[in-house]
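> Can you look at this prediction? I've put the sequence above it.
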Amino acid sequence: MTEREIREAVCKKVHDGLDLSEKSDVYVEARFDAALELHQGDAVAEQRKAAAPRVDASTDKEDPRKKAMDDIRDRYKRNK
């Protein structure tokens, strides 16, 4: 595959029904760059969601990170 064919395939994957047959190489390259930016934005959003603390509203369990921080903060109280 040529570079243009690869770029067109990526653009068509992001935008169904996109016809780039009569577009210039510069246009296809710009659409390709935009498609990559969209994908990177999605990937970053997924990483943020995965890194966010998971709070299960169906249970009354305390957030483990908060509990660990509280334990560290209050450790001096237990050593007396």
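That came in fine, so what should we check first?
> and the lengthiest helix in the chain, average pLDDT?
Among all segments of the chain classified by DSSP state H, the helix with the greatest residue count is helix 25-51. For helix 25-51, mean pLDDT is 82.
> Show me what it is packed up against.
helix 3-14 (3 or more Cβ pairs under 8 Å, 6 or more residues apart in numbering; DSSP states H and E). Using the backbone N, CA and C atoms, a C-beta is placed for each residue, glycine as well.
> where's the helix it packs on relative to the chain centroid, distance-wise?
Relative to its parent chain, helix 3-14 has a centroid offset of 21 Å by Cα atoms, centre = their mean, to the nearest Å.
> how big is the angle separating that helix from helix 25-51?
50 degrees (axes from the mean of the first three to the mean of the last three Cα atoms, to 10 degrees).
> residues making contact with helix 3-14?
Applying Cβ atoms under 8 Å, 6 or more residues apart in numbering, the external contacts of helix 3-14 come out as 1, 18, 20, 25, 28, 29, 31, 32, 35, 36, 38, 39.
> Right, I'll leave it there.
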